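A.B. asks: 3D, please:
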Amino acid sequence: MVAADVIESLSKDLWRAETTRSPMNTLTSICPELTIDDAYLIQDKTLSLRASPQLGFKLGYTSAAMRAQMNIAEPNYGVLTKDHFLSPQQGFDGYVPTEELIHPLVEPEIAILVEREIFGDGHTIESVTPSIAALIPSLEIVDTRYKEYKFSLMDNISDNSSAARFILGAPKKLSEVEDLRLSGVLLWSNDHCLDTGVGANSMGNPLASIAWLANFLSKKNLGIPAGSIVMTGGLTKAHPAHSEDTFFAEFGGIGSVKAYFS
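C.D. replies: Numbers count the residues shown, from 1 in each chain. So this is what the prediction gives:
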């Protein structure tokens with residue numbers, strides 16, 4: 001592990017890049033010896049600089065399509081905070097302030113509302129299911145603070161798994177969806193169908209993503225708090241967004257969500 005002062009310095013660099021919209025070189029080009037543990041420490045330090053209440057988690061690279069697109073070998077997680085959430089306005093589920101971002105990309109995801117804390121290891125789909133309150137159609141806007149979307153796993157974890165903004169549609173009870181694995185999604189932009197996906201693209205089942213997160217957090221003696229929103233990972237590739245673009249995601253059996261980029 002690298003020294004604590006290096007962790008703090010790299011965290012400040014990432015925070016500066018985000019707040020000034022001035023992308024930087026990857027952290028591993030500056031400090032090649034970074035480990036995954038170092039990266040999560042940098043993530044934690046930057047979240048303390050953000051000083052915004054935690055709302056939940058976002059999972060990254062739970063789908064083969066996203067891992068292939070970004071050349072990332074395994075899933076990871078970031079933390080969602082209040083300032084990441086975009087509330088409905090002007091007839092959209094989310095109104096995205098493009099000028100606050102560097103190079104935003106859009107991913108359709110199935111978000112999950114956890115109503116009871118999930119703690120400990122050895123979790124499976126069966127063990128986490130009783131803790132799930134609802135499914136929520138969602139769009140995640142990711143935005144790397146690096147100069148381009150070319151980075152290592154350590155770089156991405158340090159950068160809070162590229163978390164930037166997220167948008168939620170109307171929740172639906174899990175019991176009302178027959179098979180979450182088969183819930184398809186159509187991603188539209190400006191009346192053109194950009195991409196398609198299916199719930200099984202997230203680790204075979206979005207609920208498996210919840211189990212993975214709980215088991216991973218248990219290594220740090222942490223759990224998924226009650227009331228958490230968990231974005232379970234993009235079901236398609238991530239697509240670039242520009243000012244005045246609209247995005248619309250339709251999830252079979254779950255609902256839809258719509259965003260506008262100002």
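A.B. asks: geometric centre of this structure: which residue is closest?
C.D. replies: residue 58 (3.3 Å; CA atoms, centre = their mean).
A.B. asks: quick check: closest non-adjacent residue to it.
C.D. replies: residue 231 (4.2 Å; CB to CB, 6 or more residues apart in numbering). Where C-beta positions appear, they are placed from N, C-alpha and C, glycine not excepted.
A.B. asks: so the one you found bridges to which residues?
C.D. replies: Assessed by DSSP bridges, residue 231 has beta-bridge partners residue 58, residue 111.
A.B. asks: ok, now which ones touch it?
C.D. replies: Neighbour list for residue 231: 56-59, 80, 109, 111, 138, 140, 166 [criterion: CB atoms under 8 Å, 6 or more residues apart in numbering].
A.B. asks: so which of those residues wins on neighbours?
C.D. replies: When neighbours are counted by other CB atoms under 10 Å, residue 109 leads those with 33 neighbours.
A.B. asks: mind checking the SS state of it?
C.D. replies: Following DSSP: H, G, I helix; E, B strand; the rest coil, the label given to residue 109 is strand.
A.B. asks: distance of it relative to residue 86?
C.D. replies: 14 Å (CB to CB, to the nearest Å).
A.B. asks: note down every partner strand of the helix or strand where residue 194 lies and its orientation.
C.D. replies: Taking DSSP states H and E as the criterion, residue 194 maps to strand 192-198. Strand pairing for strand 192-198, determined by DSSP bridges: strand 184-189 (antiparallel).
A.B. asks: would you mind checking the average pLDDT for the strand it pairs with?
C.D. replies: For strand 184-189, the mean pLDDT works out to 98.
A.B. asks: cool, stretch 66-74 as well?
C.D. replies: For stretch 66-74, the per-residue pLDDT averages 85.
A.B. asks: can you name the residues in contact with that stretch?
C.D. replies: Under CB under 8 Å, 6+ apart, the answer for stretch 66-74 is 60-61, 107, 149-151, 153, 156, 233-234, 237-238.
A.B. asks: and residue 229, how far from residue 245?
C.D. replies: Counting by CB to CB, the gap from residue 229 to residue 245 is 24 Å.
A.B. asks: the more surrounded of the two?
C.D. replies: Set side by side, residue 229 and residue 245 show more neighbours around residue 229, with 22 against 18, by other CB under 10 Å.
A.B. asks: and the more buried one, what are its phi and psi?
C.D. replies: phi -100, psi 130 (degrees, to the nearest 10).
A.B. asks: cool, residue 119 as well?
C.D. replies: According to degrees, to the nearest 10, residue 119 has phi -130, psi 150.
A.B. asks: need the per-residue pLDDT for it.
C.D. replies: Reported pLDDT for residue 119: 98.
A.B. asks: ok, for it, nearest residue in space, not its chain neighbours?
C.D. replies: Using CB to CB, 6+ apart, the closest residue to residue 119 is residue 223 (3.3 Å).
A.B. asks: ok, residue 173 to residue 166 distance?
C.D. replies: Counting by CB to CB - residue 173 and residue 166 are separated by 21 Å.
A.B. asks: I'd assumed residue 116 was in contact with the residue nearest to residue 119.
C.D. replies: No - the pair residue 223 / residue 116 is not scored as a contact, 10.3 Å apart, by CB atoms under 8 Å.
A.B. asks: neighbour-wise, which of these two wins?
C.D. replies: residue 223 (17 against 14).
A.B. asks: can you pull the pLDDT of that one?
C.D. replies: Residue 223 is given a pLDDT of 98.
A.B. asks: next up, phi/psi of it, please.
C.D. replies: Torsion angles, degrees, to the nearest 10, at residue 223: phi -140, psi -180.
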